[in-house]
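K.L.:
got a structure for you, letters missing:
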């Protein structure tokens, strides 16, 4: 299903110029049940330095069992409409978030469901948003016994908000990742986003994971 939606979206946006989306995710274990999250994202309107958004997110989580975890934290988002100056954004958003993640492993496959709520203050106006993401991860080549491998990521995330229209946006994502070892991954992919009352956008993505 995710692959079919991705193929349709790529066909629909083939004529548009993609932007760039740089990402870092960190999941740092603290003891047996707790973990700390860190995240950095930079979105560019074009491949050149034409800034659109800078996101910083941090939080803490607790593993309830080997399949289920809960987490919560804070995010700061800077928006840029016409300026390339990262020090002075055009608008700011503060965001408190909470999430539940359920993950199942079937041999080498991983299927993950994430439900996230966000309490947002954008230009001092409060709002709520709910997000649901389904993600599938599958290794396509294992190099050695140290877990060095190439993997494929496919995901779809639906955003719902309160207001005249419940639909906020939808993101479809496909990527190839290289597992350096069991604790890090370098990832390159393509993300298609459709937002309410906005044209559909597409982004080339480069990410780095630590876990």
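P.N.:
Ah, there it is. These numbers were taken from a predicted model, which means no experiment stands behind them.
K.L.:
chain center to stretch 165-174, what's the gap?
P.N.:
Centre-to-centre, stretch 165-174 and its host chain are 12 Å apart (C-alpha atoms, centre = their mean, to the nearest Å).
K.L.:
worst-scoring helix or strand of the protein, pLDDT-wise?
P.N.:
Among the helical and strand segments of the chain, the one scoring lowest on mean pLDDT, DSSP states H and E is helix 2-12, with a mean of 44.
K.L.:
the residue positioned nearest the centre of the chain is in what secondary structure piece?
P.N.:
Nearest to the mean C-alpha position of the chain, by C-alpha atoms, centre = their mean, lies residue 23 at 8.2 Å. Using DSSP states H and E, the secondary-structure element containing residue 23 is strand 19-30.
K.L.:
partners of the helix or strand where residue 129 lies in the sheet?
P.N.:
Under the criterion of DSSP H and E, residue 129 resides in strand 125-142. Take DSSP bridges as the rule and strand 125-142 pairs in its sheet with strand 109-122 (antiparallel), strand 149-161 (antiparallel).
K.L.:
can you give me the distance of residue 99 to residue 33?
P.N.:
For residue 99, the distance to residue 33 (C-beta to C-beta, to the nearest Å) stands at 16 Å. Quick note: C-beta positions are derived from backbone N, CA and C, even for glycine.
K.L.:
who has more neighbours, those two?
P.N.:
residue 99 (19 against 12; other C-beta atoms under 10 Å).
K.L.:
from residue 182, how far off is the more buried one?
P.N.:
Distance from residue 99 to residue 182, by C-beta to C-beta: 23 Å.
K.L.:
try residue 118
P.N.:
Note on residue 118: its distance to residue 182, by C-beta to C-beta, is 31 Å.
K.L.:
those two: which is more packed in?
P.N.:
The residue with the greater number of neighbours, taking residue 118 and residue 182 and applying other C-beta under 10 Å, is residue 118; the counts read 18 against 10.
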